[in-house]
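Undergrad: A predicted structure for the sequence below; I have some questions about it.
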Amino acid sequence: MELMIMQWLAEPGLVHFLVVSALLLSLGIMAVLTRRNVIMVLMGVELILNSANINLIAFSRYTSLSLEGQMIGLFVIIIAAAEAAVALAIVLNMYNRFNTVNLDEIDSLKG
Amino acid sequence: MDLTAIVFYLFAIVTVGAAGIMVFSKNIVHSAFALMFSLAGVAVLYVLLYADFIAATQLLVYVGGILILILFGMMLTEQGFTQEFKAVTVNILPASLLAAVAAVLLVYSYVTTSWQMITPEERSETVYDLGILLMSDYILPFIIAGVLLLIAIIGAILMSTRLTAIKNQEQ
């Protein structure tokens, strides 16, 4: 049993990359949920997108998804670039209007 | 243990550790630089997966572009020197509970599933194949992505200039 685990650890395969991406995803969720600063929340979203990308590219190497996985990963990176530009424009707008970047102080929709 | 395993473990630790520093650091400038190390570690993981073009794109777009954008946003929205870039955390108990449960469930399901793997193809480079694929099967998503980037940039410029112009007129 111990020998099997040691052998499993010595050869990085699909599951190793998936475990790394799961850890990155949970850290990203943590960043999105706990920080008050909008820019920290955006950084958490970037972390989540990266963990999804690691999954796609690991599957593209080790399963029959082949190059299509890398293609989808490329489009995820493009969407992330567009998202970051628009989100930072929104953050600047928000800072101009409310003079704060803390998410819990912007509650004008609460009524 | 061969070289691939050593490189994988080294950069997996760099990636996850830098992400952890990013999440738990009080200073958001430190968080941004930890995020840079984490993204560079992800690029090395892509190289280990024989995705050379994606790794280069990751370095150019994320480490070179998005991170600079984040740093600019950070500098433009800090309120003088009194705040000292500190960031407050809220809801720490439920969020860490949710994150830990998500991580444990995901790792458990990843390890116990028997994936239908194939023996990895040995590729020297993927750029040629990706280019052919992009111009044949994925031509419509490619064009739509170009239009999306154009719209996003125009929208970002409009949003960040018009409101400041109105504000300046009122003064």
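TA: Alright, I've got the coordinates. Residues are numbered from 1 along each chain as shown, chains lettered A, B, ... in the order given.
Undergrad: hey, which helix or strand in chain A has the poorest pLDDT?
TA: Within chain A, no helix or strand scores below helix A:2-10, which has a mean of 77 by mean pLDDT, DSSP states H and E.
Undergrad: distance of residue B:39 from chain A?
TA: From residue B:39 across to chain A, the span is 7 Å (CB to the nearest CB, to the nearest Å). Any C-beta I mention is one placed from the backbone N, CA and C, and that applies to glycine too.
Undergrad: One more: residue B:20?
TA: Distance from residue B:20 to chain A, by CB to the nearest CB: 6 Å.
Undergrad: So what's the residue count around that residue?
TA: Neighbour count of residue B:20, defined by other CB atoms under 10 Å in any protein chain shown: 16.
Undergrad: mind checking the longest helix of chain B?
TA: Determined from DSSP state H, the single longest helix within chain B is helix B:139-170.
Undergrad: Which residue comes closest to the residue nearest the centre of chain A once chain neighbours are left out?
TA: The centroid of chain A falls nearest to residue A:48 when counting by CA atoms, centre = their mean (1.4 Å). Distance criterion CB to CB, 6 or more residues apart in numbering or on different chains; nearest residue to residue A:48, sequence neighbours excluded, is residue A:28 at 3.8 Å.
Undergrad: In this structure that neighbour contacts residue A:51, no?
TA: Yes: with contacts counted by CB atoms under 8 Å, residue A:28 reaches residue A:51, the gap being 6.4 Å.
Undergrad: how about the helices in chain B?
TA: B:3-24, B:28-48, B:52-57, B:67-77, B:92-112, B:127-136, B:139-170.
Undergrad: tell me which strands and helices the longest helix anywhere in chain A is in contact with?
TA: Longest helix in chain A by number of residues, with DSSP H as the criterion: helix A:67-98. The contact analysis (3 or more CB pairs under 8 Å, 6 or more residues apart in numbering or on different chains; DSSP states H and E) places helix A:67-98 against helix A:38-62, helix B:52-57, helix B:67-77, helix B:127-136, helix B:139-170.
Undergrad: residues of that helix that come out buried?
TA: Within helix A:67-98, the residues that qualify as buried are A:67, A:69-78, A:80-95, counting by 16 or more other CB atoms under 10 Å in any protein chain shown.
Undergrad: mind checking how far that helix is from the chain centre?
TA: With CA atoms, centre = their mean, to the nearest Å as the basis, helix A:67-98 stands 12 Å off its chain's centre.
Undergrad: can you check stretch B:47-55 too?
TA: Computed by CA atoms, centre = their mean, the chain-centroid distance of stretch B:47-55 equals 15 Å.
Undergrad: and that stretch with chain A, contact?
TA: Yes: using CB under 8 Å from any CB of the partner chain, stretch B:47-55 reaches chain A at B:48, B:49, B:50, B:51, B:53, B:54.
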